[in-house]
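> Dropping the sequence and predicted coords here.
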Amino acid sequence: MTMREIAEAFKMPDSLANVWANRGYYGSVYHDVAATYVLYLGWFDGNPATLHELPPVEASKKYVEFMGGADEVLKKAKAAYDKGEFRWVAQVVHHVVFADTNNQAAKNLEADALEQLGYQAESGPWRNFYLTGAQELRNGVAKLPTPNTASPDTVRAMSADLFFDYLGVRLNAEKAGNAKAKLNFDFGKDGKYFVELENGVLNHTANMKSSSADATLILSRDTLNSIILQQTKLDDAISSGAVKVSGDKAKLNDVVAALDSFEFWFNIVTP
């Protein structure tokens, strides 16, 4: 069986399924079985037709074209909705939405199906996914207040290793392109680090100072915290002497320019 076939077929015996603590109020058996499959066998189900599928938007446009166009798909999907086939409606109308994000009729029908699935979901997270998807289809992504994930306490507790890992996650490989940079960071009593940008990847090595570095930065950990918290700009810290840079400062600028900032909110049911 493939991942979805196993997840669909797997049922716990009544002796377990009827025990309150085993109900899927948070997780779900389907979800857990699929996750187990992915962990041990990966995303590929063994069928070569699914080995290198078209990306979602391109595939959806062809699906809709092959099915006779958006109006024909929605006509059949509405009939399926009236029969209570909500899983299928969400699955098929999803292609119309991805083929044309301006088709509000398709968005509304998919939202209706997702709401019905949400009302029926025993799992809290499944319900939340369904209803959040319906909300997005009708009203777009709501930009609600967000938690401060970079509070002063969090930043102060962050090791230098973790900070450089964080920079590595933020690195945009396309922006970095063919850029190369070798930087020494000297935090005094808090240690030394060698950071290298190459092949679109940012790596760091603790307790190392390279004699071939393009530039060396000397700063305190407090100054680094202030920069992370956006209380101080890097250029201002350099101007004030809080950060001392020797060597090719342009290489430092290359690294900073290749860093991405991520939006907290993002689409989940639209391209």
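Looks like it arrived, so ask away. Numbering: from 1, shown residues only.
> where does Trp265 fall, helix, sheet strand or coil?
Under DSSP: H, G, I helix; E, B strand; the rest coil, Trp265 falls in the coil class.
> residue contacts, it?
Val141, Ala142, Lys143, Leu144, Thr146 (C-beta atoms under 8 Å, 6 or more residues apart in numbering). C-beta: built from backbone N, CA, C; applies to glycine.
> Could you rerun that using 6 Å?
Val141, Lys143 (C-beta atoms under 6 Å, 6 or more residues apart in numbering).
> roughly how far apart are it and Gly140?
10 Å (C-beta to C-beta, to the nearest Å).
> With Val155 instead?
Applying C-beta to C-beta to Val155 and Gly140 gives a distance of 32 Å.
> Let me see the ranges of the strands in the chain.
In the chain, the strands defined using DSSP state E lie at 181-186, 192-198, 201-206, 215-218, 244-247.
> Now do the buried residues in the helix-or-strand element of the chain with minimal mean pLDDT.
Lowest on mean pLDDT, DSSP states H and E among the helices and strands of the chain sits helix 152-157, with a mean of 82. Across helix 152-157, burial judged by 16 or more other C-beta atoms under 10 Å covers Val155.
> Point out where the stretch 101-250 of the chain drops to low pLDDT.
Per-residue confidence for the stretch 101-250 of the chain (pLDDT under 70) gives these ranges: 150.
> Over stretch 10-27, what's the mean pLDDT, rounded is fine.
Stretch 10-27 carries an average pLDDT of 90.
> Which parts of that stretch count as buried, going by neighbours?
Neighbour-count burial for stretch 10-27, counted by 16+ other C-beta under 10 Å, picks out Gly24.
> quick revisit: could the strands of the chain be laid out in a markdown table, adding mean neighbour count and distance to Tyr37?
What follows is the strands of the chain, written out as a markdown table (neighbours: other C-beta atoms under 10 Å; distance: least, C-beta to C-beta, whole Å):
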| stretch | mean neighbour count | distance to Tyr37 |
| --- | --- | --- |
| strand 181-186 | 20 | 42 |
| strand 192-198 | 19 | 36 |
| strand 201-206 | 15 | 30 |
| strand 215-218 | 20 | 47 |
| strand 244-247 | 14 | 51 |
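> pretty sure Val269 contacts Ala134?
No. Assessed by C-beta atoms under 6 Å, Val269 is found out of contact with Ala134, at 8.2 Å.
> Report the set of residues contacting both of the two.
Common neighbours of Val269 and Ala134 (C-beta under 6 Å, 6+ apart) do not exist.
> Of the strands of the chain, give the one that comes closest to Gly69.
Nearest to Gly69, of all the strands of the chain, is strand 201-206, at 44.9 Å by C-beta to C-beta.
> Summarise which helices and strands that closest one is packed against.
Applying 3 or more C-beta pairs under 6 Å, 6 or more residues apart in numbering; DSSP states H and E, we find strand 201-206 packed against helix 160-170, strand 192-198.
> quick one on the thing from earlier: hmm, who's touching the least confident helix or strand of the chain?
Asn225, Ile228, Leu229.
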